[in-house]
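*Asks:* quick check, what structure comes out for this input:
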Amino acid sequence: MKTEFDLVVIGAGSGGVRAARMAASHGASVAIIEERFFGGTCVNVGCVPKKLFSYGAHFPQEFSLASDYGYQVDGWSFDWATLRDNKSREIERLNGIYQRILDQAGVTIFQGHGTVLGEGRVSVGDQVLTARHVLVAVGGKPFVPDFPGKEHVRISDDLFYLSELPERVAVVGGGYIATEFAGILHGLGCEVTQVYRKELFLRGFDEDIRAFVAAQMTAQGITLKFNADVAKITEAEGRKQLHFQDGGEEEFDEVFYATGRVPLLDGLFAEGAAPALNERGAIKVDEHFQTSNTGLYALGDVIDRVQLTPVALAEGMWLAAHLFGQNKPDEAMNYEHIATAVFSHPNIGTVGLTEQQALESCGAVRVYKSQFRPMRYTLGELQERSFIKLIVDDETDRVLGLHMAGEDAAEITQGFAVAIKMGATKADFDATVGIHPTAAEELVTMRQGERITR
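*Replies:* Purely as a prediction, here's the structure:
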């Protein structure tokens, strides 16, 4: 098998596959190395299975809502194994698609652990590959802090393959993964407590969104235990006892830790071949994704800029064009106005600046808010609500941020992200005729704003 290439990519996740495929389309000879599974975290233990489980977790509410519309859905039951196994079958299908995409692009696939040996040299198994350029796109892995009893916890990956669903579960963490898992497990019928060491979860999101989601989750029956730090975990007869720093204790069937992710650097570099890392332990790169080592590049979660699949895809396309394209990018990768979704219950969609960020960059902003009960719930007793917030530069009238929590938040935000990326003003929003009756029309009908200064 060929061992000399223009580009060798380590990691067949979203960014690595896109970079490999696009580099091959530019005429480069490309190899890709994958140790675990094609499609990376997103396809296998991230975005895709998580969204499928999120869909599944909404059905109990849908059954409840159905009666308000005259349907009788009595005696329904849920089989965890069916959802789990159907998900796994879909993931296997996607794995195959990723492999076919690479094969059809003419990329040579090596299965095994890739290690950077030095400039232009990578080992996989007992083979050594040489290349003009080497790209590291190995992604990240769940992080569990070191504390007594950490061997009793599960990580986020484990949820997708549980033999049975626990009755009572704790989810430790305050980021979007922990919040999503809490909602999913609750929707699937578990009694859920989310534990976070600070006063409010979803740090980095807009304050009003954080508070709204917390209130909605509490109303649904999820226990949110904030300002609570785990000191240790003990196990007895298969159940886990959480011992908190304040002396309190609680018992659960399972404990999931979703306390962040770190770059997956295990065994990645031979002695003396590692590039410089930043203060967070991620690979340090310049605006061209070049590391401190000549010919060695990195992108995606391993550089810890923006840990989102579409960002890794964009980075991969940019780098392939930069290295091998006839029309090289004129500017560095632009990370402004990246839309983000959190598939918590309720969903979150956000693009642009939070209110605090906007105030730091502008002298004054206008803030528009709307909280409402979606129309589909008005025939019954379900109290699901949605919240929308627009942040506008008071001087230029440009919309700086859009934040939504509620039904279809991600779908709605994606469309408006285009307008915000293009520099739309509040006047542009106001001049747009809304679609009635929809939740999205709230974004073009809000007229009463509050002026806020630093």
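*Asks:* residues in contact with Val195?
*Replies:* Ala170, Val171, Val172, Gly173, Lys225, Ala228, Val230, Leu242 (C-beta atoms under 8 Å, 6 or more residues apart in numbering). Any C-beta I mention is one placed from the backbone N, CA and C, and that applies to glycine too.
*Asks:* ok, these vs Leu323, which is closest?
*Replies:* Gly173 (37.3 Å; C-beta to C-beta).
*Asks:* what about the closest residue to that closest one other than its chain neighbours, how many residues nearby?
*Replies:* Nearest residue to Gly173, sequence neighbours excluded (C-beta to C-beta, 6 or more residues apart in numbering): Ala258, at 3.9 Å. Ala258 is flanked by 25 other residues according to other C-beta atoms under 10 Å.
*Asks:* quick one: Ala258 and Val169 touch, right?
*Replies:* No. Contact criterion C-beta atoms under 8 Å: Ala258 and Val169 do not qualify, at 11.8 Å.
*Asks:* for the helix or strand containing Thr130, buried residues please.
*Replies:* Taking DSSP states H and E as the definition, Thr130 sits inside strand 127-136. Residues of strand 127-136 classed as buried: Leu129, Ala131, His133, Val134, Leu135, Val136 (neighbour count, 16 or more other C-beta atoms under 10 Å).
*Asks:* got the residue ranges for the strands in the stretch 101-250 of the chain?
*Replies:* Assigned by DSSP state E, counting those that start in this stretch, the strands in the stretch 101-250 of the chain fall at 108-111, 114-118, 121-124, 127-136, 140-142, 154-155, 168-172, 191-195, 223-225, 230-236, 239-244, 249-252.
*Asks:* got CSV for the ones you listed, with mean pLDDT too?
*Replies:* Shown next, in CSV, are the strands of the stretch 101-250 of the chain (pLDDT from 0 to 100):
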stretch, mean pLDDT
strand 108-111, 97
strand 114-118, 98
strand 121-124, 98
strand 127-136, 98
strand 140-142, 96
strand 154-155, 97
strand 168-172, 98
strand 191-195, 98
strand 223-225, 98
strand 230-236, 96
strand 239-244, 97
strand 249-252, 97
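*Asks:* these: which one's closest to Pro148?
*Replies:* That would be strand 230-236 among the strands of the stretch 101-250 of the chain, by C-beta to C-beta, at 3.8 Å.
*Asks:* how far does the closest one sit from the chain's center?
*Replies:* Strand 230-236 sits 29 Å away from the centroid of its parent chain (C-alpha atoms, centre = their mean, to the nearest Å).
*Asks:* same question for stretch 79-92.
*Replies:* 21 Å.
*Asks:* export that stretch to CSV, keeping only CA atoms.
*Replies:* C-alpha atoms of stretch 79-92 as CSV (Å, rounded to 0.1, in the frame of the first residue of the first chain):
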residue,chain,number,x,y,z
ASP,A,79,-38.9,0.1,25.5
TRP,A,80,-35.4,1.5,26.0
ALA,A,81,-33.7,-1.3,24.1
THR,A,82,-35.6,-0.5,21.0
LEU,A,83,-34.6,3.2,21.0
ARG,A,84,-31.0,2.3,21.8
ASP,A,85,-30.6,-0.4,19.2
ASN,A,86,-32.4,1.6,16.4
LYS,A,87,-30.0,4.5,17.2
SER,A,88,-27.0,2.1,16.9
ARG,A,89,-28.2,0.8,13.6
GLU,A,90,-28.5,4.4,12.3
ILE,A,91,-25.0,5.2,13.5
GLU,A,92,-23.6,2.1,11.8
